[in-house]
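Visitor: just to be clear, the model below is a prediction. Sequence and coordinates:
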Amino acid sequence: AAKIHRNEYQSYRPEMTRTTQDRLRLESDLRKALETEQFTLAYQPLVNLATGRIVGVEALVRWQHPQRGLLPPGEFIPITEENGLILPLGEWVLLAACKQNKAWQEAGMPPIRMSVNLSMRQFRQHRLADRIQSILEQTGMPPEYLELEITESMTSDVEFAIHTLAELKALGVQISIDDFGTGYSSLGYLKRFPVDKLKIDRSFVTDLTEGGSDAAIVSTITSMAHQLKLKVTAEGVENDEQLRFLRERKCEEAQGYYFTKPIPANLFESWYRHHSQS
Ligand code: C2E
Ligand code: CA
Ligand code: CA
Ligand code: CA
C-alpha cells in the first residue's frame, strides 16, 4: 500500500505544479490584459413578461486571451477577486457599459436599463459611490438607467450593507440582489436594504415544473418580494413552460437563452432592432 501511495504521490505532484504555474501565468496575463484592453462585454437582454418588451440588458465580461481564446468570467473573475485586480477590472466594466449605453442612445436606440455586476471587493471599496458618480458624469449615463447587481453575501455585514446601498441609491441608480436564494441572506433584514429587485437564481428556474419543489421556491420568493415592494427577475429562462409559470406568478422580468445568449454589442443592437419591430 505504501508503494502505491508513493506512486500516486509522484504522479500527482507534477500536476499540482502545473496547476500552480498555470495560475501564476494567468495572473500575469491578467495584468497585461488590463493594460492592453483584452476584455470585452457581452450583453444579454431582460424582457418584461407582461409586455414582451426588452427593458434592459446585462453586461457580462469576457476575456479575449491572445492564446487561449475567449474566456468566460468563471475562469478569471475569481482570480481577480483574490488578487485585487477586480477593482480596476470592475471599474473598466462600469465605464465600458456606460459608454456603450451612450453609444446606443446616440445611434437612436430607445433607452434601456444597463445592469452591471459588482463584486464583493468593489462593494467594500473606499468611496465606491464617488467612483460611480464620476463614471456617470464622464459618460452622461442617466443614473436611473444604471442597475447594480450585488449578491446576498455582500449583505452579511448588515449595517455596512445598508449604509453602502443607501449611498448608491442616493446617486439615483437601481440595485438588485443577484443569484437570490443561493446565499444565506437574512430574510428579516431584506426589508431594511434599499434595493429594488431580486433576481431569482438560475438553479431554481432550470427545473421549474408545476408542483415541483423549485416551483414552490420560485413562487414563494416572488410573492415575498412583491409584498416587500420589490420587483422580480428570473434568470436562466430557456423554455415556454418556465416562461408561462413565471408570467402566471406575475414575475416582472426574465432573462435567459430562451431570448438569446449574451452577445457582443453590435449583435445586440441588431437583435434589439429586430425584436422591437415584431
Ligand atoms: P450572473 O451575474 O448570474 O450572470 C448570468 C450568467 O448566466 C451568465 O454567465 C450568463 O451567460 C448565464 N446565463 C444566462 N442565461 C442563461 C440560460 O438560460 N441558461 C444558462 N445555462 N446560462 C445562462 P457568464 O457570462 O459566464 O457569467 C458568469 C458569472 O460571472 C456571472 O453570473 C457573474 O457572477 C460573473 N460576472 C460576469 N461579468 C462580471 C463582471 O463584470 N463583474 C463581476 N464582478 N462579475 C461578473
Ligand atoms: Ca448578474
Ligand atoms: Ca445572476
Ligand atoms: Ca448566477
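Guide: Structure received. Ligands and ions are numbered 1, 2, ... in the order given.
Visitor: what number of residues lie near D130?
Guide: Counted with other C-beta atoms under 10 Å, the neighbours of D130 add up to 12. Quick note: C-beta positions are derived from backbone N, CA and C, even for glycine.
Visitor: and it, which of the three is it?
Guide: What DSSP: H, G, I helix; E, B strand; the rest coil gives for D130 is helix.
Visitor: can you list the residues of the protein near ligand 1?
Guide: 44, 60-61, 72-74, 77, 90, 93, 117, 119, 178-179, 202, 235-238, 255-257, 262 (C-beta under 6 Å from any ligand atom).
Visitor: among those residues, which ones are in helices?
Guide: 77, 90, 93, 202 (DSSP state H).
Visitor: what's L208 in contact with, if anything?
Guide: When contacts are counted by C-beta atoms under 8 Å, 6 or more residues apart in numbering, L208 touches 214-215, 218, 241-242, 245-246.
Visitor: redo these as JSON lines? Include distance to ligand 2.
Guide: Below are the contacts of L208 laid out as JSON lines (distance: C-beta to the ion, whole Å):
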{"residue": "D214", "distance to ligand 2": "19"}
{"residue": "A215", "distance to ligand 2": "23"}
{"residue": "V218", "distance to ligand 2": "17"}
{"residue": "E241", "distance to ligand 2": "23"}
{"residue": "Q242", "distance to ligand 2": "18"}
{"residue": "F245", "distance to ligand 2": "21"}
{"residue": "L246", "distance to ligand 2": "17"}
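Visitor: from the residues you listed, pick the one nearest ligand 3.
Guide: Checking the contacts of L208 against ligand 3 by C-beta to the ion gives V218 as the nearest, at 14.3 Å.
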